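> Make a model of this:
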Amino acid sequence: MKEIGIVKKTAQETASVEINKKEECSKCGMCMFPKNARSMEVIAINEIGAKEEDQVIVEIKDKGKMLGMTLVFVVPLLLLCLAIGLNYFFIKNELIVLIMGVGAVVLWYVILSFIDKKLKTTKKYGTEIIQILKKEK
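Just a heads-up that it's a prediction; the model follows:
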């Protein structure tokens, strides 16, 4: 998916780009805009050298969205089921099963925060600035 945005900040090989919400975005939900937000900031790979206040086209990789949904929703569900299943058959105490299941999910989200930082800056999964439309002076 390609969107037009304004570069707000640059840092080394990345840039913070503000994307305004379009009218057609209100029904779709694929771009993951916060519910009542009019704009959203994304971190994009900036190999073409866009500067602050430049108007740019960013490409949001579909692979990244699918991987993100899998990592955020599917993996924790599988971890929860695995933890509950293993603990239930070996421990047979519901409170301990609950604590272990929730603990596994919390641990996953901590690990996921580090994975997210790495994936955001990869060309295969991250968001990338692909064209500068208007340079600011």
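> Specify the residue ranges that define each domain of this protein.
Domain assignment for the chain by automatic domain parsing gives 2-61+123-134, 64-118.
> Lowest mean pLDDT across those domains, which one is that?
Ranked by mean pLDDT, the domains of the chain bottom out at domain 2-61+123-134, with a mean of 81.
> and the residue of the chain most remote from its centre, how far is that from Ile84?
In terms of distance from the mean C-alpha position of the chain, Lys92 ranks first, at 37.2 Å (Cα atoms, centre = their mean). Counting by Cβ to Cβ, to the nearest Å, the gap from Lys92 to Ile84 is 12 Å. Every residue, glycine included, has its C-beta placed from N, CA and C.
> Am I right that Ile96 is in contact with Asn87?
Yes. Using Cβ atoms under 8 Å, Ile96 is in contact with Asn87, at 6.3 Å.
> So which of these two has more stuff around it?
Using other Cβ atoms under 10 Å as the criterion, Ile96 and Asn87 rank with Asn87 on top: 19 against 13.
> Now find how far off-centre stretch 58-76 is within its chain.
7 Å (Cα atoms, centre = their mean, to the nearest Å).
> Name the surrounding residues that touch that stretch.
Contacting residues not belonging to stretch 58-76 are listed as 1-5, 17, 19, 30-32, 42, 44, 105, 108-109, 112, 115, 119, 124-130 [Cβ atoms under 8 Å, 6 or more residues apart in numbering].
> Might one say that Trp108 is in contact with Leu79?
Yes. Judged on Cβ under 8 Å, Trp108 makes contact with Leu79 at a distance of 5.4 Å.
> Just the element for Ile99, please.
helix 94-120 (DSSP states H and E).
> Show me what that helix packs onto, helices and strands only.
Other helices and strands packing on helix 94-120, by 3 or more Cβ pairs under 8 Å, 6 or more residues apart in numbering; DSSP states H and E, are helix 62-69, helix 75-90.
> Format the ones you listed as JSON lines; extra columns: distance to Val56.
Conversion of the helices and strands packed on helix 94-120 to JSON lines gives the following (distance: least, Cβ to Cβ, whole Å):
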{"stretch": "helix 62-69", "distance to Val56": "18"}
{"stretch": "helix 75-90", "distance to Val56": "32"}
